[in-house]
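**Q** how would this look folded up:
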Amino acid sequence: TRTTMTDSEKYDRQLRLWGEDGQARLEKAHVCLINGCATGTETLKNLVLPGIGAFTIVDDKKVEEADLGNNFFLDKPSLGQSRAVRATELLRELNDRVKGYSVEEDPVTLINTKVDFFDSFTIVIATQLPESSLRKLATFLYDKNIPLVVPRSYGFIGSIRIATPEHTIIESKPDNQTDDLRLYNPFSELQAYVDSIDLNTLDSSRHSHVPYIVILIKILQKWRKEHDGQSPKTRQEKDAFKDAITAAQLNSLEENFTEAKKAAMRAWMPPSISSDVQAILKDEKAVNPTDKSDEFWILAAALREFVENEGKGDLPLSGSIPDMHSDTVGYVTVQRLYHEKAQSDIAAMTARVDGILTRLGQSRSIPHDTIKKFCKNARYLQVVRYRSLEEEYTPDPSRTDVFTNHLEPADNNVQFYLLLRAVDKFYATHRRFPGYFDDKLEMETDIAGLRSSVNSLLSEVGLPTSSVKDEPVHELCRFGAAEMHNIASFIGGVASQEIIKLVTHQYVPFNNTFIFNGMNSSTTTLAL
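**A** The predicted model follows:
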């Protein structure tokens with residue numbers, strides 16, 4: 001049914017990344033952009049093109065000449081018109097399937113008087129807000145568990161901050177995924193199939209088409225019989241294990257034995273549960289689920305029970321196997337064994353889920369497809385917890401090391417994070433940004449004022465004033481709060497990528513601050 005909702009030809013390439021489920025989540029999302037500046041519209045552009053459900057721009061400003069120089073979603077006929085209305089109209093032209101709305105109100109006033117307005121959005125993107133308003137909005141959204149993304153372009157510097165209490169991910173899709181073959185401790189059905197094959201009695205044709213899974217389990221069984229039940233541990237033993245595989249070959253042309261040698265490490269490596277997944281299983285939300293628990297934590301609680309019972313210390317089997325040199329009958333047989341075991345584990349997990357929901361007095365159920373997806377990806381589950389902006393902005397001497405560890409190189413990017421914070425302090429005092437006016441005398445005054453703001457901030461976070469040199473202070477003043485399109489475009493692209501991760505609950509978004517230095521094209525990610 002979802003394929004009929006989504007134009008598979010229009011979204012073909014992205015469907016290969018996040019699938020129909022991810023696209024469906026995207027199409028249900030409604031994002032809010034505060035201020036239709038260049039960075040904001042560039043972020044929205046990269047959400048409108050892949051088919052975000054809807055967006056709303058909140059902005060009371062009129063289009064000015066400066067907007068035409070850096071914002072591709074405002075044109076000359078827009079001069080003097082509402083920036084929210086015109087940006088919405090031009091963004092909607094990118095994708096007729098996306099709904100766009102505009103609110104011509106001052107975002108600061110809206111935050112101060114009707115902050116509940118932001119309660120209905122999937123994600124809020126905040127640009128060009130004063131620190132006090134940003135903190136108030138962030139606190140409200142954090143309490144509501146609505147993700148806040150704060151992209152910013154300031155001269156050649158860009159930054160992005162993500163804030164949400166907790167983000168759960170079933171499909172983290174790591175680059176280093178490996179097949180779950182259970183060679184070290186084969187499940188009973190696989191073991192029975194392996195035992196039914198005698199390599200010594202097979203003719204050359206069948207011998208050269210035995211799946212390497214079978215070969216490895218047999219060689220490992222033989223090794224353990226000869227080594228007091230132990231698997232290879234030392235480098236010498238592992239080399240000897242590979243030699244045993246070679247010795248079982250009839251000739252050097254048998255590709256299945258070559259595959260077995262390449263995959264030998266999987267045979268002697270004992271199964272383990274990653275530290276990330278162990279942390280989830282030990283989390284209070286998995287140990288003691290409540291009637292308020294969301295689907296992820298109900299599933300995590302069920303997974304915990306499964307590992308302790310049916311799994312005997314293992315996670316559910318994913319059920320997929322890689323391509324391998326084999327005849328059709330052998331490959332399909334092995335494939336069926338893994339599939340049936342995976343289905344059995346899904347059934348056990350389903351029973352655990354139903355049992356937990358019943359104990360909690362819940363009449364709801366979790367869809368079979370969701371349980372299946374959870375089991376398939378159980379080895380790569382992730383939970384990302386973000387510190388709030390209020391925690392970040394509240395001085396905490398115990399976190400000084402977060403900065404000092406990154407301030408060693410003279411051209412470090414952390415100094416620009418500190419400078420952007422200091423710029424906001426300057427704005428709170430002067431109601432304008434440093435260097436905003438092109439006047440030499442005023443520039444010198446602003447440099448001194450920004451230096452004072454920098455020193456004040458460094459004192460708050462427990463750093464010496466020497467942590468930020470004078471040269472970058474001068475540079476920030478020369479920027480004059482200019483929003484350059486190339487920097488805005490880059491930051492908008494990164495921000496939209498992270499927003500898609502947050503919306504689809506696929507892949508792992510960064511935690512929690514991203515800094516881009518356009519002067520040397522370097523990036524830094526920090527957990528602040």
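**Q** which residues touch Lys233?
**A** By CB atoms under 8 Å, 6 or more residues apart in numbering, the contact set of Lys233 is Trp268. Every C-beta, even on glycine, is put in place using the N, C-alpha and C of the backbone.
**Q** and it, what's its pLDDT?
**A** On the pLDDT scale, Lys233 is placed at 94.
**Q** that one belongs to a helix?
**A** No: if the criterion is DSSP: H, G, I helix; E, B strand; the rest coil, then Lys233 is coil and not within a helix.
**Q** can you pull out the helices in the stretch 1-150 of the chain?
**A** All helices of the stretch 1-150 of the chain, identified by DSSP state H, counting those that start in this stretch, fall at 2-5, 12-28, 38-48, 65-70, 83-92, 107-113, 131-144.
**Q** other SSEs contacting the third one?
**A** Helices and strands touching helix 38-48, as assessed by 3 or more CB pairs under 8 Å, 6 or more residues apart in numbering; DSSP states H and E, comprise strand 30-34, strand 54-58, helix 83-92, strand 123-126, strand 148-154, helix 485-504.
**Q** a markdown table please, covering those and showing mean pLDDT and mean neighbour count.
**A** Listed next are the helices and strands packed on helix 38-48 as a markdown table, based on pLDDT from 0 to 100; neighbours: other CB atoms under 10 Å:
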| stretch | mean pLDDT | mean neighbour count |
| --- | --- | --- |
| strand 30-34 | 98 | 24 |
| strand 54-58 | 98 | 23 |
| helix 83-92 | 96 | 22 |
| strand 123-126 | 98 | 25 |
| strand 148-154 | 97 | 25 |
| helix 485-504 | 97 | 21 |
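**Q** looking at the helices of the stretch 1-150 of the chain, which is buried most?
**A** Compared across these, helix 38-48 shows the largest average neighbour count, a mean of 26 (mean count of other CB atoms under 10 Å).
**Q** any idea of the mean pLDDT in that helix?
**A** Rounded mean pLDDT across helix 38-48 is 97.
**Q** and that helix, how far out from the chain's middle?
**A** Chain-centre distance of helix 38-48: 19 Å, with CA atoms, centre = their mean, to the nearest Å.
**Q** same question for stretch 273-285.
**A** The chain centre lies 18 Å from the centre of stretch 273-285; the measure is CA atoms, centre = their mean.
**Q** give the buried residues for that stretch.
**A** Residues of stretch 273-285 classed as buried: 273, 276-277, 280-281, 285 (neighbour count, 16 or more other CB atoms under 10 Å).
**Q** what is the mean pLDDT for it?
**A** So the average pLDDT for stretch 273-285 ends up being 97.
**Q** then stretch 387-394?
**A** Stretch 387-394 comes out at a mean pLDDT of 94.
**Q** cool, stretch 191-206 as well?
**A** Mean predicted confidence for stretch 191-206 is 94.
**Q** and it, how far apart are its ends?
**A** 19 Å (CA to CA, to the nearest Å).
**Q** got the buried residues for it?
**A** Buried, per 16+ other CB under 10 Å, within stretch 191-206: 193-194, 197.
**Q** with stretch 285-296 instead?
**A** 285-286, 289, 293, 295-296.
**Q** give me the distance from that stretch to the chain's centre.
**A** Worked out by CA atoms, centre = their mean, stretch 285-296 lies 22 Å from the chain centre.
**Q** for Leu216, find the nearest of the helices and strands packed on helix 38-48.
**A** Comparing those by their distance to Leu216 (CB to CB), the top pick is helix 485-504, with 36.3 Å.
**Q** helices or strands up against that closest one?
**A** helix 12-28, helix 38-48, helix 65-70, strand 123-126, strand 148-154, strand 157-163, strand 513-517.
**Q** what would those look like in TSV with distance to Gly492?
**A** Shown next, in TSV, are the helices and strands packed on helix 485-504 (distance: least, CB to CB, whole Å):
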stretch	distance to Gly492
helix 12-28	17
helix 38-48	3
helix 65-70	12
strand 123-126	10
strand 148-154	6
strand 157-163	9
strand 513-517	11
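**Q** out of these, flag the one nearest Thr113.
**A** Closest among those, using CB to CB: strand 123-126, at 16.7 Å.
**Q** quick one: contacts of that closest one?
**A** 29, 31-35, 40, 43-44, 118, 134, 137-138, 141, 146-151, 495, 499, 502-503.
**Q** each with direction, which strands does that strand pair with?
**A** As defined by DSSP bridges, the strand partners of strand 123-126 come to strand 30-34 (parallel), strand 148-154 (parallel).
**Q** could I get the ones you listed as JSON lines with distance to Ile356?
**A** Shown next, in JSON lines, are the strands paired with strand 123-126 (distance: least, CB to CB, whole Å):
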{"stretch": "strand 30-34", "distance to Ile356": "31"}
{"stretch": "strand 148-154", "distance to Ile356": "32"}
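**Q** the ones you listed: which one's closest to Glu471?
**A** When these are compared (using CB to CB), the closest one is strand 148-154, at 16.3 Å.
**Q** can you give me the buried ones in stretch 447-456?
**A** For stretch 447-456, the neighbour count (16+ other CB under 10 Å) marks 447, 449-451, 453-455 as buried.
**Q** so where's this structure uncertain?
**A** The chain contains residues with pLDDT under 70 at 1-7, 438-440.
**Q** circling back to that earlier point, which one of the buried residues of stretch 273-285 sits closest to Val473?
**A** Using CB to CB, the buried residues of stretch 273-285 come closest to Val473 at Asp276, 40.2 Å.
**Q** I figured the closest one hits Gln382, correct?
**A** Yes: if you go by CB atoms under 8 Å, Asp276 and Gln382 touch, sitting 5.9 Å apart.
**Q** hmm, who's touching stretch 455-473?
**A** Applying CB under 8 Å, 6+ apart, the external contacts of stretch 455-473 come out as 395, 397, 399-400, 403-404, 407, 410, 415-416, 418-419, 421-422, 425, 447, 450-451, 454.
**Q** may I see the buried residues of it?
**A** So stretch 455-473, judged by 16+ other CB under 10 Å, has buried residues 455, 457-458, 461-463, 467-468, 472-473.
**Q** now stretch 174-191
**A** For stretch 174-191, using 16+ other CB under 10 Å, the buried residues are 180-184, 186-187, 190.
**Q** for stretch 223-239, same thing?
**A** Result for stretch 223-239 [16+ other CB under 10 Å]: buried residues 223, 231-232, 238.
**Q** which non-adjacent residue is nearest Gly449?
**A** In space, not counting the residues next to it along the chain, Gly449 is nearest to Phe426; the distance is 5.9 Å by CB to CB, 6 or more residues apart in numbering.
**Q** that neighbour reaches Ser453, doesn't it?
**A** Yes: using CB under 8 Å, Phe426 is in contact with Ser453, at 4.6 Å.
**Q** follow-up on the earlier one: ok, of the buried residues of stretch 191-206, which one's closest to Gln249?
**A** Distances from Gln249 to the buried residues of stretch 191-206, taken as CB to CB, are shortest for Ile197 (15.5 Å).
**Q** pretty sure that closest one contacts Val214?
**A** Yes: with contact defined as CB under 8 Å, Ile197 reaches Val214; the gap is 5.8 Å.
**Q** hang on, the earlier thing: turn the buried residues of stretch 447-456 into a markdown table, columns for secondary structure and distance to Met324.
**A** What follows is the buried residues of stretch 447-456, written out as a markdown table (DSSP: H, G, I helix; E, B strand; the rest coil; distance: CB to CB, whole Å):
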| residue | secondary structure | distance to Met324 |
| --- | --- | --- |
| Ile447 | helix | 67 |
| Gly449 | helix | 68 |
| Leu450 | helix | 63 |
| Arg451 | helix | 65 |
| Ser453 | helix | 63 |
| Val454 | helix | 61 |
| Asn455 | helix | 64 |
